[in-house]
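# no sequence on this one, just coordinates:
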């Protein structure tokens, strides 16, 4: 009976991944996005539109529009020397500051290894922690990788839409 449940579950996951590939494409986000713009977009895939500032997710562990966990606040405090609390993540201005500082820190680390940070790296860090960026180049066959890929498939269309809108705004009229 357990084997049957696992097989059904793996078929569902496979179908979801195939659907994501069809809808989102198999390639990384088109073009590039600045870290500042990436950070401003995070709430668009983290919470429903018009969610209140005090929205809580992940069974009570993620706070605010950026869905920040306590470990992220701890990371922010370590990186910046701040004394933010987890409850501070309900403030969207503070959340944006936390996101930018933490992702900027890891982007510099990624660059120091000779890899150019991409939106995919930032997505994996935001969803899977500081070391998850390595899974972009070296994916593993485990549940965490499945979760990261699912998260990426949710965010990528939003990022691509933003990049396409930016491209449209910057192109001359009638071109």
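Alright, I've got the coordinates. This structure is a prediction, so every number in the text was calculated from the model and none was measured.

# nearest residue to residue 154 in space, please, no chain neighbours.
Of all residues not flanking residue 154 in the chain, residue 45 sits nearest, at 5.2 Å (CB to CB, 6 or more residues apart in numbering). The way it works is simple: take the backbone N, C-alpha and C, and place the C-beta from them, glycine included.

# residues near the one you found, how many?
Counted with other CB atoms under 10 Å, the neighbours of residue 45 add up to 19.

# make sure I have this right: it is in a helix.
Yes. Counting by DSSP: H, G, I helix; E, B strand; the rest coil, one finds residue 45 located in a helix.

# I'd like the distance between it and residue 135.
Distance from residue 45 to residue 135, counting by CB to CB, to the nearest Å: 18 Å.

# quick check: buried residues in stretch 54-72?
55, 62-69, 72 (16 or more other CB atoms under 10 Å).

# okay if I get the residues you listed as a markdown table plus distance to residue 33?
Listed next are the buried residues of stretch 54-72 as a markdown table, based on distance: CB to CB, whole Å:
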| residue | distance to residue 33 |
| --- | --- |
| 55 | 24 |
| 62 | 23 |
| 63 | 25 |
| 64 | 22 |
| 65 | 18 |
| 66 | 17 |
| 67 | 19 |
| 68 | 20 |
| 69 | 23 |
| 72 | 20 |
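
# narrow those residues to those in helices?
Under the assignment DSSP state H, the buried residues of stretch 54-72 contribute residue 72 to helices.

# tell me which of the buried residues of stretch 54-72 is nearest to residue 154?
residue 67 (12.1 Å; CB to CB).

# residues near the nearest residue to the closest one once chain neighbours are set aside, how many?
What sits nearest to residue 67 in space, not counting adjacent residues and going by CB to CB, 6+ apart, is residue 46, at 4.4 Å. By the criterion of other CB under 10 Å, residue 46 has 22 neighbours.

# residues contacting residue 46?
By CB atoms under 8 Å, 6 or more residues apart in numbering, residue 46 lies in contact with 57, 65-67.
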